[in-house]
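Undergrad: here is the input, now give the coordinates:
(chains A, B, C and D)
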There are 2 protein chains.
Amino acid sequence: MGVTIHDVARAAGVSVASASRALSGRRKVTPEVAERVARAVAELGYQPNAVAKALRDQTTGTIGMVVPGISNPFFTTIVEAVERELQKSGTDLLLCASQYSPQVEARRLATLLARRVDGLIISPCDIEASVPAVLDAARRVPLVQVDRHIEGGGADWVGVDDEAGVTLAAEHVIAGGARSVSFAGSRLVNSSARLRLSGFERTVARAGVEVLPPMLGEFTVEWGVEAGRRLLDAGRLPDAVVCANDEIAVGLVRSLRLAGVHVPEDVAVVGFDDVGHATMCDPPLSTVRQPVEEMAAEAVRLLGQVKAGDPRPAQRIAIAPRLVVRQTSRPVTAGVAD
Amino acid sequence: MGVTIHDVARAAGVSVASASRALSGRRKVTPEVAERVARAVAELGYQPNAVAKALRDQTTGTIGMVVPGISNPFFTTIVEAVERELQKSGTDLLLCASQYSPQVEARRLATLLARRVDGLIISPCDIEASVPAVLDAARRVPLVQVDRHIEGGGADWVGVDDEAGVTLAAEHVIAGGARSVSFAGSRLVNSSARLRLSGFERTVARAGVEVLPPMLGEFTVEWGVEAGRRLLDAGRLPDAVVCANDEIAVGLVRSLRLAGVHVPEDVAVVGFDDVGHATMCDPPLSTVRQPVEEMAAEAVRLLGQVKAGDPRPAQRIAIAPRLVVRQTSRPVTAGVAD
DNA sequence: ATCGATTGGGTAATCGATTACCCGGGTTTC
DNA sequence: GAAACCCGGGTAATCGATTACCCAATCGAT
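TA: Predicted coordinates for the structure are as follows:
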């Protein structure tokens, strides 16, 4: 079924070396040979076997990527950006989803390594449980983490400055007049969840506003809805809620409005990520924009620099996020606050 | 850097054949040998090279999947379902996005074939332009199309019965009292776009209601918004709009409501797909549910049956969709319809 | 005691592309 | 005119895992 370079060489009446050289152009051949090889290739429909090439060259021209889930638009946005970036160097992407499970994640890493990817980009699903698999992989091939990261400084990382992001969000609602604030986030199983909460707490403490206990669940719309319900049940609403991502914010806004609460008049809401659906929800969501394109470019660039098991101290590149004020928070114009 | 089975054999003091047999269990070895090989593997951190295995076995244990884009939640849902299904047989998925471009699609297919995937699952982005690449690929490896398909019967296909789906949607709004209807869909570059329009036209013609000219753009929220604007500009609204997917429906509902039009009282809207955001938009969207999980299972099953370049006539498996009535259309209760 | 069968282990071929190495013929240079 | 050099082409080693094939040892049966 497979036509090999031997078949091409035979059909062209030359040796496999000549055929290979004619195809790769890595050594000169006479126009005559080039011509006959080209004709043979066309006739036989020859397509080089990348598996054999990979074995011989000890490089596959692929990099593996592991993200928690591909139904989360934030991750698909990163994936697309990474793919675009890799395309420039003719590298292919092997994409895997860990399904938010450290066990699945470890298996995915193992098969990617078995397939001898030239590098790995990963967003580890658990700040603690992902550690051994990630460090082990980093020892074998160049690896960079993107967005989420494991604890300790064992591997390079590119992401947004989470703490700076929530600080922007919190200061924004406080500047808009909020005197009591709450936080709707995720259980602290990954780095984003932790840093966004800690950044929030630090900022509000400094500002001296009243802080309601944080609500921690999942990074989903459903959890946002549930968080809204809890606020309503508590009988007293904060002036503003800072959310750890857009999904939560969307759910929160929906459940508040369903109960007749006005957003942003009664409660201001700010999300995080600004991918996809922030603009299309109603009203459009104020949020903190992650510079996904830059992160992807930076991750790929960094991947090209790191070597497997490099003893050099790991780099952490935190890109500054940007606040995007839409309609779930009060715009701050000089002197208008409150 | 790479530890091979030779290293393991040496460390265990046995031949590579014994090491290989101890690992695969495909022939018996003495407990003594098994034990020493196991210890050597653990000590050296040996991990079999899947590239070499693939070359030798002439099978990679991977199948390739090409979808138009991974930011479309419908495709990611299918991808996840396929991945789950393949996991059962230990097969890995190589996922590629064609970015809605037949050229990119052809390139992706070529690299997947070069990497010697054992099979292909594809949702071709263009009903015409995708034909040569898809047929060529089908000649080389087992291939099944999912959801979208190319024209002509050249390759197997699994998907939803698009015409039956829009028929359900159209009959539903007509039963709900609509006397004038419109269709918001996509330009006819792929099979879904064509079949959904033709199914709509057939149904409304049969029902004898007034039909406004169809609006054809993209499968996006933005186009839905634009379609809503066009309806408003036209000065006269239909009683119902059937949309070719949920994104369009979401955008349409938003732009109508923004203009003060009541949904479903003034205009009923029905979408198509029922993945992800149909439930979380406001109000929740009535739509036609695609049985994604079944489609994925069926596609994988079919892939296991087809052989490359099989002269057997291609199969087309159309799964029946189901109407899900939520709140953008009037529920039909006996005797209540207008 | 001897012959055939069984069992477990080792050697080397295999998959397909690349390339180190070698060779022969033509040029150039002193 | 001979030595040194290119230049283009061919042969075979290489990457790592698997396994066809061969061999020696052991066992059971006659």
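
Undergrad: wait, what's in contact with residue A:97?
TA: For residue A:97, the contacting residues are A:66, A:67, A:68, A:69, A:70, A:104, A:108, B:80, B:83, by C-beta atoms under 8 Å, 6 or more residues apart in numbering or on different chains. For glycine as for every other residue, the C-beta is placed from the backbone atoms N, C-alpha and C.

Undergrad: run the last query once more with 10 Å
TA: For residue A:97, the contacting residues are A:65-72, A:75, A:79, A:104-105, A:108, A:125, B:76, B:79-80, B:83-84, B:93, B:95, by C-beta atoms under 10 Å, 6 or more residues apart in numbering or on different chains.

Undergrad: what about the helices in chain A?
TA: A:5-12, A:16-24, A:31-44, A:50-57, A:73-87, A:102-114, A:131-140, A:162-175, A:191-207, A:221-233, A:246-258, A:292-305 (DSSP state H).

Undergrad: hey, which of the ones you listed is tucked in deepest?
TA: helix A:246-258 (a mean of 25; mean count of other C-beta atoms under 10 Å in any protein chain shown).

Undergrad: quick one: list the elements packing against that helix.
TA: In terms of contacts (3 or more C-beta pairs under 10 Å, 6 or more residues apart in numbering or on different chains; DSSP states H and E), helix A:246-258 is packed against helix A:73-87, strand A:180-186, strand A:215-217, helix A:221-233, strand A:240-243, strand A:268-270, strand A:287-289.

Undergrad: as JSON lines, the ones you listed with mean pLDDT would be great.
TA: Below are the helices and strands packed on helix A:246-258 laid out as JSON lines (pLDDT from 0 to 100):
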{"stretch": "helix A:73-87", "mean pLDDT": "93"}
{"stretch": "strand A:180-186", "mean pLDDT": "97"}
{"stretch": "strand A:215-217", "mean pLDDT": "97"}
{"stretch": "helix A:221-233", "mean pLDDT": "95"}
{"stretch": "strand A:240-243", "mean pLDDT": "98"}
{"stretch": "strand A:268-270", "mean pLDDT": "97"}
{"stretch": "strand A:287-289", "mean pLDDT": "96"}
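
Undergrad: wait, which of the ones you listed is closest to DNA strand D?
TA: helix A:73-87 (24.5 Å; C-beta to the nearest atom of the strand).

Undergrad: send the alpha carbons of the closest one over as PDB?
TA: Extracted in PDB, the C-alpha atoms of helix A:73-87 (Å, rounded to 0.1, in the frame of the first residue of the first chain):
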ATOM      1  CA  PRO A  73     -13.200  28.800  25.100                       C
ATOM      2  CA  PHE A  74     -10.200  30.300  26.900                       C
ATOM      3  CA  PHE A  75      -8.100  27.200  26.200                       C
ATOM      4  CA  THR A  76      -9.200  26.800  22.700                       C
ATOM      5  CA  THR A  77      -8.200  30.400  22.100                       C
ATOM      6  CA  ILE A  78      -4.800  29.700  23.400                       C
ATOM      7  CA  VAL A  79      -4.600  26.500  21.400                       C
ATOM      8  CA  GLU A  80      -5.400  28.400  18.200                       C
ATOM      9  CA  ALA A  81      -2.900  31.100  18.900                       C
ATOM     10  CA  VAL A  82      -0.200  28.500  19.600                       C
ATOM     11  CA  GLU A  83      -1.100  26.600  16.500                       C
ATOM     12  CA  ARG A  84      -0.800  29.800  14.400                       C
ATOM     13  CA  GLU A  85       2.500  30.500  16.000                       C
ATOM     14  CA  LEU A  86       3.900  27.000  15.400                       C
ATOM     15  CA  GLN A  87       2.800  27.100  11.800                       C
END
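
Undergrad: what is it packed up against?
TA: Helix A:73-87 packs on strand A:62-67, strand A:92-97, strand A:119-122, strand A:143-146, helix A:246-258, helix A:292-305, helix B:73-87, strand B:92-97, going by 3+ C-beta pairs under 10 Å, 6+ apart.

Undergrad: let me have the ones you listed in TSV, extended by distance to DNA strand D.
TA: Listed next are the helices and strands packed on helix A:73-87 as TSV, based on distance: least, C-beta to the nearest atom of the strand, whole Å:
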stretch	distance to DNA strand D
strand A:62-67	16
strand A:92-97	19
strand A:119-122	18
strand A:143-146	20
helix A:246-258	43
helix A:292-305	22
helix B:73-87	20
strand B:92-97	16
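
Undergrad: which stretch among the helices and strands packed on helix A:246-258 comes nearest residue B:137?
TA: helix A:73-87 (20.2 Å; C-beta to C-beta).

Undergrad: quick one: work out the angle between that closest one and helix A:191-207.
TA: 120 degrees (axes from the mean of the first three to the mean of the last three C-alpha atoms, to 10 degrees).
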